[in-house]
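Novice: everything below, folded, please.
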Amino acid sequence: MSSRPDILTPIHKGLQLLMFETAATVGRTDFTSAAETSVAEGEVLRCSALLLEHAGHEDRWVKPLLARLAPPLASTMATEHAQLEREADEVATQFARLRTAADAGERLALGVEVRHGFDLLLAHHLRHMTWEEEEVNAALWAGLADSELGGVVSHVTSEIGPAHMKDWEALVEAAANPQERQAHAPPP
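Specialist: As a prediction, this is how the structure comes out:
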């Protein structure tokens, strides 16, 4: 573990917790129930929106730095972000098909597709985030000063805005371990 500022892992941990909680909801959903399906869809759409928002922050603030420091990593990031977005769109399309299903049997079959699609999206995100935490962080640490890394965080934070930042902070806090909470606790 590096003593350098890690601008990726805390956010990734929060998003991973959200993805696992969402996967659990989808896994428990009775897709013959319109009400339960609607709840699952809402959670999947919220999760996908936050994942997409995070990828957008990386595309705007991290990828340009990588393009200068490690162009192949920037290219991989762009390719993988586009693929993950397509996979999230496919899960949303599966939910749209569920809303027009003819009967309970079709709804159950489509529910299996939704679950598999979301599980694959989760798996691909986990692999991608691990790659970023290992490869992208290493490139950033090798090429940028701590103040430059802090600048990335400042840009993203100002882009998010104070009201929505509370949502992100809650996500990160929910996934933090005791040492991370202590490190970010306000002074007494």
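
Novice: quickly find the element holding the residue nearest to residue 119 when sequence neighbours are not counted.
Specialist: What sits nearest to residue 119 in space, not counting adjacent residues and going by C-beta to C-beta, 6 or more residues apart in numbering, is residue 23, at 6.1 Å. In short, each C-beta sits where N, CA and C put it, glycine included. With secondary structure defined by DSSP states H and E, residue 23 is part of helix 9-28.

Novice: gap between that helix and the chain center?
Specialist: Taking the mean of its C-alpha atoms, helix 9-28 sits 8 Å from the chain's own mean (C-alpha atoms, centre = their mean, to the nearest Å).

Novice: which elements pack onto it?
Specialist: Applying 3 or more C-beta pairs under 8 Å, 6 or more residues apart in numbering; DSSP states H and E, we find helix 9-28 packed against helix 34-57, helix 104-131, helix 162-175.

Novice: contact partners of it?
Specialist: By C-beta atoms under 8 Å, 6 or more residues apart in numbering, the surrounding residues in contact with helix 9-28 are 39-40, 43-44, 46-47, 50-51, 54, 114-115, 118-119, 121-122, 125-126, 129, 132-133, 137, 168, 171-176, 180.

Novice: just the buried subset of these, please.
Specialist: Buried by 16 or more other C-beta atoms under 10 Å: 40, 43-44, 47, 50-51, 54, 114-115, 118, 121-122, 125, 129, 132, 137, 168, 171-172, 175-176, out of the contacts of helix 9-28.

Novice: can you pull up the most central residue in this protein?
Specialist: The chain has residue 51 as the residue nearest its centroid, 3.3 Å off, counting by C-alpha atoms, centre = their mean.

Novice: how deep is residue 97 tucked in, by neighbour count?
Specialist: 13 (other C-beta atoms under 10 Å).

Novice: between the helix or strand that contains it and helix 34-57, how many degrees?
Specialist: Using DSSP H and E, residue 97 maps to helix 71-99. Orientation check (axes from the mean of the first three to the mean of the last three C-alpha atoms, to 10 degrees): helix 71-99 against helix 34-57 gives 160 degrees.

Novice: let me see the mean pLDDT of helix 71-99.
Specialist: For helix 71-99, mean pLDDT rounds to 96.

Novice: same deal with stretch 6-17?
Specialist: 97.

Novice: keeping just the C-alphas, turn it into CSV.
Specialist: C-alpha atoms of stretch 6-17 as CSV (Å, rounded to 0.1, in the frame of the first residue of the first chain):
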residue,chain,number,x,y,z
ASP,A,6,-5.2,7.3,-3.4
ILE,A,7,-7.9,9.1,-5.4
LEU,A,8,-9.5,5.9,-6.7
THR,A,9,-9.9,3.2,-4.0
PRO,A,10,-12.2,5.0,-1.5
ILE,A,11,-14.7,5.8,-4.3
HIS,A,12,-14.4,2.3,-5.8
LYS,A,13,-15.0,0.7,-2.4
GLY,A,14,-18.2,2.7,-2.0
LEU,A,15,-19.4,1.8,-5.5
GLN,A,16,-18.5,-1.9,-5.0
LEU,A,17,-20.6,-2.0,-1.8
